[in-house]
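Engineer: any chance you could fold what I've pasted below:
(2 chains)
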Amino acid sequence: MLKFDEKILNDYWGQLYAALLKKFYDFQLVEDALQEAFIRLSETIDEDESPKDLKAWLYRVSQNIILDKIRRAANFSSKLEDVKKTFLLNQRIYLSEDEAFIDERLRLIFTCCHPAISFKSQVILTLRVICGLSIEQIAKAFLSNKSNIEQMLTRAKRKIKVANIPYEIPNVDIIDERTGAVLNVIYLIYNEGFSTNASNKLSDDSICQFALDLAKMLYKLIEAKHDSGGLLALLFFLESRRKTQLNFQGEFLTLEDQDRSKWDADKIKKAKVILKDTLIKGGGGQYSLQAAISALHTEAKSFEQTDWKQIYLLYLELIKLNDSTVLRLNSLVAYSYVVGVSVRDCLDKMDHLQKELKNYQPYYAAKAQMYERIQELEKASKYYEKAINLSCNDVQKNYLLKKLKFCSK
Amino acid sequence: MHYMFLIYSNEKNDPKYATQEFSDMMEGYGKFNQVVRKDGSYILGEPLESVKSATTVRVKNNETLVTDGPFAETKEVLGGFYILDCKDLDAAIEYAKQIPTASYGSIEIRPIMKIDVPGV
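Structural biologist: Numbering: from 1, shown residues only, chains lettered A, B, ... in the order given. Take a look at the predicted model:
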């Protein structure tokens, strides 16, 4: 019995979705047909008979299912245009491989990440439509339940239809900001996988892989423009050390404690090449800056030998682009490691951020660590407790509990 | 496809009559009106009198209730509207950007429902 590579099927899902949308711009119609076609494929496999060209077969079957539905609907509609449309569509059912599969996924991802759709829905839609994740997989990744995700998907698809969000690559004057929105979606997906909310594991391989694939796809299709290179480089840097976040016992290791010799040199090399290329072409943006910060970490032989001053300056550049309290927090943490800087001064400056970061777990973790560095163990314990209360991740919680124990001695 | 553009603003923030901001705003609307007519997308557009002139009607249990003022007290109130024929939402968004009130208020874009009447 033949078993098709799940990864190949996932790849096909996005490409087929995009190609079918080009012809029949209706998300629900396309998705239902594709689902049905994949089911029929698995039935075919069971019968010990496999279609030779998978992709073309799936395309043809999906198309037939859709045409069937349209024909049936047309029978109830007396509108001339609908009938005409059906007739025209019937003419050329079998497109050549080239015609059908010119990669339409760029259009698709811009549509899924349209600002008229809520950010969370953009993320869910992208995962479902382009990556082919099941609703169960998406629900698990976001600690939600199946019906919530289904509702959000349905609402998003309806919004696209009713408000007539176009299936287009944005115009030259807005493509930069719209690409930024896509990058944010991909980055969020990666982060979900990097230190996943699902309680028992620290990071989720497949979610990260999906994000990386999306970033690669975008980078290729958009010809490395609009900071797509910055994001791809950043993801490669993060991938290079994702697995080193856990030691043999499955315990969490900070950047300080990670075994740098285990960082994936191949991924680091790829990241640097892409980043360099991006900066040379002048396409840098917030993701290029974050990638540059990551690059500095990989260049340091140890945590202490890191060029913290340069990292701090990069954070200042990031703040210039997109001021946020989280960035200010990160910049202060970096600054506190610069030789000669008073950690207490940094802690005082961080107090100003407390109001906005009231429920932001890393704020408390950062403060706790800094108090520990200057031996104010009572204060450190207080903040470790707060950080533990806000943590949604068992592995992370265990690490913080250990630290708390040490400070409470 | 037809979209309605609902123009909302906090009346406190509206440019005051006989100020530079006011004449800038009027100029902006003049330009916008020209653009949408030239493009052929204009269907209808009107400014509305202040929300203080609103009257709200409700009918419950066969009783008609008429009250002074808008349907609800809101920070931003409806000040005017346009109905434009736009290719898609992106085209509508491009128009909304150009409506002067967008810079200090909000423009809500709503697709107008197309009802499928058989035989029509």
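
Engineer: hmm, residue A:69 is touching residue A:30, no?
Structural biologist: No. Counting by Cβ atoms under 8 Å, residue A:69 does not reach residue A:30; the two are 10.7 Å apart. For the C-beta atoms, the positions are set from N, CA and C on the backbone; glycine is no exception.

Engineer: quick check on those two: which one has the bigger neighbour count.
Structural biologist: Shown here are residue A:69 and residue A:30; by other Cβ atoms under 10 Å in any protein chain shown, residue A:30 has more neighbours (25 against 15).

Engineer: looks like that one contacts residue A:21 (just checking).
Structural biologist: Yes. Counting by Cβ under 8 Å, residue A:30 touches residue A:21, with 5.5 Å between them.

Engineer: residue in chain B nearest to chain A?
Structural biologist: Residue nearest to chain A within chain B: residue B:88 (3.9 Å; Cβ to the nearest Cβ).

Engineer: which ones are touching residue B:24?
Structural biologist: Applying Cβ atoms under 8 Å, 6 or more residues apart in numbering or on different chains to residue B:24 gives the contacts B:15, B:100.

Engineer: now do the SS call for residue A:9.
Structural biologist: helix (DSSP: H, G, I helix; E, B strand; the rest coil).

Engineer: swap that for residue A:230, sorry
Structural biologist: Applying three-state DSSP: residue A:230 is helix.

Engineer: list the buried ones in the longest helix along chain B?
Structural biologist: With secondary structure taken from DSSP state H, chain B has its longest helix at helix B:20-39. Neighbour-count burial for helix B:20-39, counted by 16 or more other Cβ atoms under 10 Å in any protein chain shown, picks out B:25, B:28, B:29, B:32, B:36.

Engineer: Serialize these to JSON lines and add fields for distance to residue A:390.
Structural biologist: Formatted as JSON lines, the buried residues of helix B:20-39 follow (distance: Cβ to Cβ, whole Å):
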{"residue": "B:25", "distance to residue A:390": "47"}
{"residue": "B:28", "distance to residue A:390": "47"}
{"residue": "B:29", "distance to residue A:390": "49"}
{"residue": "B:32", "distance to residue A:390": "48"}
{"residue": "B:36", "distance to residue A:390": "51"}
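
Engineer: need these in TSV (columns: pLDDT).
Structural biologist: Shown next, in TSV, are those (pLDDT from 0 to 100):
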residue	pLDDT
B:25	95
B:28	97
B:29	97
B:32	98
B:36	97
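
Engineer: which residues of chain A fall in strands?
Structural biologist: Counting by DSSP state E, chain A forms no strands at all.

Engineer: ignore the last one, chain B
Structural biologist: B:2-9, B:42-47, B:55-60, B:63-68, B:77-85, B:106-111.

Engineer: quick one: residues contacting the residue positioned nearest the centre of chain B.
Structural biologist: Centroid-nearest residue in chain B: residue B:81, 2.2 Å away (criterion: Cα atoms, centre = their mean). Shown in contact with residue B:81 (Cβ under 8 Å, 6+ apart): B:4, B:5, B:6, B:7, B:44, B:45, B:46, B:48.

Engineer: now render those as TSV, adding neighbour count, pLDDT and distance to chain A.
Structural biologist: Below are the contacts of residue B:81 laid out as TSV (neighbours: other Cβ atoms under 10 Å in any protein chain shown; pLDDT from 0 to 100; distance: Cβ to the nearest Cβ, whole Å):
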residue	neighbour count	pLDDT	distance to chain A
B:4	17	98	12
B:5	22	98	13
B:6	15	98	14
B:7	24	98	18
B:44	10	97	19
B:45	19	97	20
B:46	8	97	23
B:48	13	96	24
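
Engineer: separation between residue B:42 and residue A:171?
Structural biologist: 22 Å (Cβ to Cβ, to the nearest Å).

Engineer: of the two, which one has the most company?
Structural biologist: Neighbours per residue, other Cβ under 10 Å: of residue B:42 and residue A:171, the larger number sits with residue B:42, 18 against 10.

Engineer: need the contact list for that one.
Structural biologist: Residue B:42 neighbours (Cβ under 8 Å, 6+ apart): B:33, B:36, B:82, B:84, B:85.

Engineer: spatially nearest residue to the fourth one (excluding sequence neighbours)?
Structural biologist: Spelled out, that is residue B:84. Nearest residue to residue B:84 in three dimensions, chain neighbours excluded: residue B:41, at 4.5 Å (Cβ to Cβ, 6 or more residues apart in numbering or on different chains).

Engineer: the one you found and residue B:82 touch, don't they?
Structural biologist: No. Using Cβ under 8 Å, residue B:41 makes no contact with residue B:82, being 9.2 Å away.

Engineer: who has more neighbours, these two?
Structural biologist: residue B:82 (23 against 19).

Engineer: measure the more buried one to residue B:102 for me?
Structural biologist: According to Cβ to Cβ, residue B:82 stands 12 Å off from residue B:102.

Engineer: per-residue pLDDT of the residue nearest to residue A:193 when sequence neighbours are not counted, please?
Structural biologist: Distances taken as Cβ to Cβ, 6+ apart put residue A:207 closest to residue A:193, at 3.0 Å, once the chain neighbours are dropped. What the model reports as pLDDT for residue A:207 is 83.

Engineer: residue A:207 touches residue A:189, doesn't it?
Structural biologist: Yes. Taking Cβ under 8 Å as the definition, residue A:207 is a contact partner of residue A:189 at 6.4 Å.

Engineer: on that earlier part again, between the buried residues of helix B:20-39, which is closest to residue B:52?
Structural biologist: residue B:25 (19.7 Å; Cβ to Cβ).

Engineer: could you pull up the residues touching that closest one?
Structural biologist: Here residue B:25 is in contact with B:15, B:100, B:101 (Cβ under 8 Å, 6+ apart).
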